[in-house]
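# sharing a model that was predicted from the sequence below.
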Amino acid sequence: MAEPDPSLVDPNLFDKVVNLCKRRGFVFPSAEIYGGFRSTYDYGPIGVLLLRNVKEAWWRSMVQLRHDVVGLDAAILGPPQIWEASGHLANFTDPLVDCTNCQSRWRLDKLDDPNTCPNCGAVGKFTEPRAFNLMFKTHAGPVEDSGAVAYLRPETAQGMFINFSNVLNTSRKKPPFGIAQIGKSFRNEITPGNFVFRTREFEQMEMEFFVPPEDAQHWYEYWCATRLQWYLDHGMPAEQIRLRPHDADELSHYSSGTSDVEYLYPWGWDELEGIANRGNFDLTAHSNASGEKLDYFDQATNERYIPHVIEPAAGATRTAMAFLMAAYHETEVRGEKRTVLRFHPRIAPYKAAILPLSKKAELTGPATELFRTLANHFMCDYDETQSIGKRYARQDELGTPFCITYDFDSVDDQAVTVRDRDTMEQERVPVAGLVEYLAARLV
Ligand code: GAP
């Protein structure tokens, strides 16, 4: 994959972001005290806020602001019948090759040169590719026999399809309407990597939009445009985000059209989200396998049909990482390097930090009171350790849009100094109007 133009993406950005994530409590390698567990990560005190904000921003635009989409939270564990019908047991495979020289394992379709081992350089030493199924298999209950086999879901999508009738019958919706879900998915990836970009346990944000068959192309185009715009609206730079239609040989077994929203990562353009026109493949497959009718009777036209599905499928963990990379900026202020994360206010982990200028009770008392007031409205940090300069630098690296300093004058004038993360300008704001001041700037 071609590396991006260094004027657009700093060649060291990846290492810088991974370092910052560990140093400031965004993401920790999982099970670190036991030597780590490959490709699993834990989200720390700041990372969990970032991830929640990404999911909340998605939910807000996909569910809260729409009357034609409802939410769902389906089970992670499922019986084999779901995955037989969906095609995952037969088709959800990657081509695996072993290098007979160094015994390393590779995903054939991801190799730059399918004849050369990237580990030892041996040429022509790969085994014949074999289809490796990515599903995590387990057993439900105490007996590990074939009747107890269950799978961890590899995508949230199937939960929406198998609940189609439940939702249709209880929500008073009719096509075009959607079911949205956020949750963990699991894939036994052969080559996880690039930090949280490809992991075996990750979070997805998916929506299945059920439409009359003749309207499918219209809604496919609508969702491609809408989803691209979502990233732009939340601070992604236009030159680092694009929509790429799949070639015919890239299409999944169910798809008659797919476009990826791609982001320009430090290693080049790569997927953030896929928008697929899935036709009526899923509802038909589950209807045939279960014997349940999964269709819609349109009383206006007296017609019964199986809706077609348009699916915008994004990764929450992957998107959080892309927002981190896009937000990362280094500047120089008075000869010193300044690192700042310029998150969109909705994505920023903390919205404001309350910083009493000294640790004296005369300041920390009212500053704590101010924290309590603001925390009712926004996710806030409170920090009274170290110099004010170091505290500003820390908040810059967390991407906090506003730092609020409570100083000795505040005791008398009932006002605080508010520092803007991006302009670094400082403004004196009365405590009484602070909630409104911040609310107006955090939209
Ligand atoms: N239901 C369709 C579906 O799951 P997908 O392209 O396989 O489509 C959708 O996954 C999104 O989920 C991807 O665009 C990506 O953001 C995220 N994703 C998929 N596999 C992932 C992995 N192993 N680690 C992190 N995110 C992943």
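Arrived safely, thanks for sending. Small disclaimer: the values here were computed from a predicted structure and weren't measured. Residues are numbered from 1 along each chain as shown.
# CA only for contacts and neighbour counts going forward, please
OK.
# quick check: residues of the chain near the ligand?
With CA under 6 Å from any ligand atom as the criterion, the chain meets the ligand at residues 155, 157, 187, 197-200, 202, 204, 271-274, 313-315, 318.
# among those, which ones are in helices?
Using DSSP state H, the subset of these located in helices is A157, R318.
# Three-state assignment for D42, please.
State at D42, reduced to three classes by DSSP: H, G, I helix; E, B strand; the rest coil: strand.
# distance of it relative to P307?
D42 is 39 Å from P307, where distance means CA to CA, to the nearest Å.
# neighbour count: the two, which is higher?
Comparing D42 with P307 by other CA atoms under 10 Å, the one with more neighbours is P307, at 25 against 15.
# what does stretch 101-113 contact?
1, 94-99, 114, 118-120, 122, 125, 129, 190-191 (CA atoms under 8 Å, 6 or more residues apart in numbering).
# got a ChimeraX select line for the buried ones in those?
Applying 16 or more other CA atoms under 10 Å to these leaves a buried subset, and the ChimeraX line that selects it is:
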select :94,95,96,97,98,99,114,125,190
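# which stretches of the stretch 1-150 of the chain aren't confidently modelled?
1 (pLDDT under 70).
# how does it look with 90?
Scanning the stretch 1-150 of the chain for pLDDT under 90 picks out 1-8, 38-39, 110, 145-146.
# where along it do the strands fall?
Listed in chain order, the strands found in the stretch 1-150 of the chain under DSSP state E, counting those that start in this stretch are 27-29, 41-43, 69-71, 77-78, 93-98, 105-107, 130-133, 136-139, 149-152.
# and H139, how many residues sit next to it?
Using other CA under 10 Å: H139 sits among 16 other residues.
# can you tell me, leaving aside adjacent residues, what's nearest to it?
In space, and not counting its chain neighbours, H139 is closest to V149: 4.6 Å by CA to CA, 6 or more residues apart in numbering.
# and the one you found, how far is that from G36?
28 Å.
# equivalent analysis for T417, please.
Distance from T417 to G36, by CA to CA: 43 Å.
# P401 contacts K351, doesn't it?
Yes - counting by CA atoms under 8 Å, K351 is a contact partner of P401 at 5.7 Å.
# neighbour count winner among those two?
P401 (27 against 23).
# that one: what's it in contact with?
R342, F343, P345, A348, Y350, K351, A352, D420, R421, D422.
# using the three-state scheme, assign the fifth one.
Same thing as Y350. Applying three-state DSSP: Y350 is coil.
# any chance you could map the helices in the stretch 1-150 of the chain?
13-24, 47-59, 80-86, 88-91 (DSSP state H, counting those that start in this stretch).
# same list, these, but as JSON lines with mean neighbour count please.
What follows is the helices of the stretch 1-150 of the chain, written out as JSON lines (neighbours: other CA atoms under 10 Å):
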{"stretch": "helix 13-24", "mean neighbour count": "16"}
{"stretch": "helix 47-59", "mean neighbour count": "20"}
{"stretch": "helix 80-86", "mean neighbour count": "19"}
{"stretch": "helix 88-91", "mean neighbour count": "16"}
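# export those helices as JSON lines, with columns for distance to Y263.
As requested, these are exported to JSON lines (distance: least, CA to CA, whole Å):
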{"stretch": "helix 13-24", "distance to Y263": "14"}
{"stretch": "helix 47-59", "distance to Y263": "16"}
{"stretch": "helix 80-86", "distance to Y263": "29"}
{"stretch": "helix 88-91", "distance to Y263": "27"}
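# what do P401 and K351 both touch?
P345.
# roughly how far apart are the spatially most central residue of the chain and V54?
Residue closest to the mean C-alpha point of the chain, counted by CA atoms, centre = their mean, is A316 at 1.5 Å. With distances taken as CA to CA, A316 is found 7 Å from V54.
# list the contacts of F402.
K351, A352, A353, V418, R419, D420, R421.
# now, among these, which is nearest to L20?
Nearest to L20 among these, counting by CA to CA, is R421 at 17.6 Å.
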